[in-house]
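[1] fold the stuff below for me.
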Amino acid sequence: MLAAASQVTPESTQQAVGYPSLFLLVVLGALVPVVPTGALVSSAAVVAFHRTDTSPFALLIVFGVASLAAFVGDMGLYWLGQRGMRSKNGSRWLEAIRDRAPEERLAQAQDKLEDHGVLVLVLSRLVPAGRLPVMLACLLARMPLRAFARGNLPACLAWAVTYQLIGILGGSLFKEPWQGVALAVGLTVSISLAPTLWRRVRRSSPSGV
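    Alright, predicted model coming up:
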């Protein structure tokens, strides 16, 4: 037993804790859109990139965990939203989705959903603040859970790849992992805040454009 314990390295302990934590946090971020899930995935990719002994394998695990967690979280939120749509009194989950889907973005999402169907789901996770308006548009269109799942799966895979590439970029530019993490977090936060800042600039401009 002591011999087996001596073979447990800090890296293996970090993996045993880190991957489940990444999964749970991404699921939570999908359900409660206040957790910066993109930054989490990019940071995990930076750490995996610097694991010179198992780097490709570690990056593959990060991709699998992140995409699966995003899919599970999205499906859970959509299911809860469907329950709210069927209920006469709605639900707090449905209201939370509505609160984070501005009317302008919702109208655009409905138009795109009507023109392109479930394909719009793929882009919805790549466009900052685009996921919830499209999800609400799908709920209002009474899209079945299975149809939503078919479009959401490639969306989650594309999302995980995108933010993992940001992490790999940050990891490749610096020798120390914390430097790459700082860059990746800065990039992902800037990307997520860009739509909000742009809307504020438009509203404050005299011409309104």
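[2] which of the three states applies to L126?
    Recorded secondary structure, L126: coil (DSSP: H, G, I helix; E, B strand; the rest coil).
[3] and the pLDDT for it?
    pLDDT recorded at L126 is 84.
[4] and for it, the neighbour number?
    15 (other Cβ atoms under 10 Å). Any C-beta I mention is one placed from the backbone N, CA and C, and that applies to glycine too.
[5] got a list of what it touches?
    155, 158-159, 162 (Cβ atoms under 8 Å, 6 or more residues apart in numbering).
[6] which parts of stretch 147-165 are buried?
    148, 151-160, 162-164 (16 or more other Cβ atoms under 10 Å).
[7] how much distance is there from that stretch to the middle of the chain?
    Here stretch 147-165 is found 9 Å from its chain centre; the criterion is Cα atoms, centre = their mean, to the nearest Å.
[8] give me the contact list for it.
    The contact list for stretch 147-165 (Cβ under 8 Å, 6+ apart) reads 38, 41-42, 45, 59, 62-63, 66-68, 70-71, 74-75, 78, 117-126, 138, 188.
[9] buried ones from these, can you make that a PyMOL selection?
    Filtering the contacts of stretch 147-165 down to the buried ones (16+ other Cβ under 10 Å) takes a single PyMOL command:
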select buried, resi 38+41+42+45+59+62+63+66+67+68+70+71+74+75+78+118+120+121+122+124+125+138+188
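[10] next step: the contacts of stretch 147-165 restricted to helices.
    The members of the contacts of stretch 147-165 that map onto helices under DSSP state H are 38, 41-42, 45, 59, 62-63, 66-68, 70-71, 74-75, 78, 120-124, 138, 188.
[11] so where's the protein shaky on pLDDT?
    Scanning the chain with the threshold set as pLDDT under 70 gives 1-17, 52-55, 90, 174-180, 184, 187, 189-209.
[12] hey, where'd the helices end up in it?
    Under DSSP H, the chain gives helices at 2-6, 10-31, 37-49, 55-86, 92-99, 103-116, 120-124, 131-140, 145-173, 177-204.
[13] neighbours of V65, how many?
    V65: 21 neighbours (other Cβ under 10 Å).
[14] which residues sit in contact with it?
    Here V65 is in contact with 19, 22-23, 26, 44 (criterion: Cβ under 8 Å, 6+ apart).
[15] rerun that using 6 Å as the cut-off
    19, 22-23 (Cβ atoms under 6 Å, 6 or more residues apart in numbering).
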